[in-house]
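Undergrad: Okay, structure incoming, though there's no sequence with it:
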Ligand SMILES: [Zn+2]
């Protein structure tokens, strides 16, 4: 059943929206009587009522699917529903029972629907959709110097914002309610993420290449972003201190970054051991010997003493390095498509598992993935882990969902008290609606379409479309922006 406008209005009329409207009417009357303020009680009431309605704050919904999956518990439920109120799940259980128990709540019953806590893209560069489908068969080094750097030099804040909007829409449609981004002009990424209503960790990727003046300006930019995020008071928005990599950031900058993270109580994010030659590059550029990454980072204060780094890629870490990172509260994010795409190898999933370190899954940017689909990434992770690794579909689904607790402080699950960050997939062609939906979601991603996405109870995707986004016109803008970048790159239009 679709969640059309008439249902929305009729459901809300019986609920909080009308109560709030009536209270607002009363507020208008009191203001007029007591203070002589020229407020029309009817107008105040109607305006506030609709403001609440549009903002989704009045949402009291019963969401019912044929199935529900709780990765934290490793459980499949049939005919399951959740009741959402005030951004959290206030009741959960058999769908039919809930519909009867909450007759005046908005009702969303999704045929062949699978309800699941929504996903987190734990490492991405959203704006890199502007550089999509350009990598060919280039390896990491050539890709970076020939594809990425020349184009990134041309990107201004508006282009980064537009690319981030495109990337955010793609992620939302893949069932992700949150992402962890690292880029420049990050305030434009932030604006795009907020516009869509997604959760985001927005970080400025610092690079100094050993230049002390550059290190200082990079730290200044990070402080500026942290101030901006703090000033917003938006619980969906977070930031972290993000030195780009150990081979592009001097030991001095890494150490300063750790101090800043400690002072501000922020996480520290870093690309680590993505490529096989990072120890050599670090030695050549900064004259330091790296025996193992965990010791190097802890020697600089980047691991331990209140700093628990989130490390992206980790393609070339040993089990001992993972264990040491894990003991220091570190967190690993695996990016299998990007690693394979750029010839960096496959993430060592068995070492990750046996070390016990917490881990998530990320797409990395579309420049090195070409796709921003969380389910495709999940399938690749499951395939790479392989038979006998101990990583079953629940482990994969946990990597997709549980990082939301670390990054956004939300409670992930389908139980009472959990945050209403939910995705509802509809099973279509390419799925088997009569079989295990957890296996289906991971191994037949093409058969599962994200029909609804809620972030803190607010709809971001409705009936398969992102709320408030005209995809056709967004694609026009995207195409124009890419032509503009490529044109400037070729010297046309200068
Ligand atoms: Zn990256």
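TA: All right, it came through fine. Model, not experiment: these values are computed from the prediction.
Undergrad: Under the pLDDT cut-off, which ranges of this protein? List them.
TA: For the chain, the stretches flagged by pLDDT under 70 are 1-59, 492-494.
Undergrad: same thing but at 90, please
TA: Along the chain, segments meeting pLDDT under 90 span 1-60, 135-137, 491-494.
Undergrad: Now the residue nearest in space to the middle of it: closest residue in space, sequence neighbours ignored.
TA: Nearest to the geometric centre of the chain sits residue 179, at 1.6 Å (Cα atoms, centre = their mean). Distances taken as Cβ to Cβ, 6 or more residues apart in numbering place residue 121 nearest to residue 179, at 4.2 Å, with adjacent residues excluded. In this view, the C-beta of every residue, glycine as well, is placed from N, C-alpha and C.
Undergrad: Touching, residue 170 and residue 372? I think so.
TA: Yes - here residue 170 reaches residue 372: they are 4.3 Å apart, a contact under Cβ atoms under 8 Å.
Undergrad: Identify the contacts common to the two.
TA: residue 129 (Cβ atoms under 8 Å, 6 or more residues apart in numbering).
Undergrad: The residue nearest to the centre of the chain looks like it's in a strand, true?
TA: Yes - under DSSP: H, G, I helix; E, B strand; the rest coil, residue 179 falls within a strand.
Undergrad: domain assignment for the chain?
TA: Structural domains annotated on the chain: 1-58, 61-118+419-463, 122-389, as defined by automatic domain parsing.
Undergrad: is it possible to export those to CSV including distance to residue 474?
TA: Formatted as CSV, those follow (distance: least, Cβ to Cβ, whole Å):
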stretch, distance to residue 474
domain 1-58, 21
domain 61-118+419-463, 14
domain 122-389, 6
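Undergrad: what's the closest of the ones you listed to residue 475?
TA: domain 122-389 (8.1 Å; Cβ to Cβ).
Undergrad: End to end on the closest one, go ahead and measure it.
TA: 22 Å (Cα to Cα, to the nearest Å).
Undergrad: Offset the numbering so it begins at 52, please.
TA: Happy to do that; since the first residue is 52 now, the last one works out to domain 173-440.
Undergrad: quick one, what contacts residue 400?
TA: Contacts for residue 400 (Cβ under 8 Å, 6+ apart) come out as 385, 432, 435, 436, 440, 442.
Undergrad: Isn't the fourth one up against residue 401?
TA: Yes - contact criterion Cβ under 8 Å: residue 436 and residue 401 qualify, at 7.5 Å.
Undergrad: if you count what's nearby, which of those two comes out ahead?
TA: Applying other Cβ atoms under 10 Å to residue 436 and residue 401 shows that residue 436 carries more neighbours, namely 22 against 16.
Undergrad: In space, what's closest to that one - neighbours in sequence excluded?
TA: residue 442 (3.9 Å).
Undergrad: Same question for residue 489.
TA: Distances taken as Cβ to Cβ, 6+ apart place residue 444 nearest to residue 489, at 4.9 Å, with adjacent residues excluded.
Undergrad: circling back: and residue 452, which of the domains of the chain is closest to it?
TA: Nearest to residue 452, of the domains of the chain and by Cβ to Cβ, is domain 112-169+470-514 at 4.5 Å.
Undergrad: how far does that closest one sit from the chain's center?
TA: Centroid displacement of domain 112-169+470-514 relative to its chain, using Cα atoms, centre = their mean, to the nearest Å, is 19 Å.
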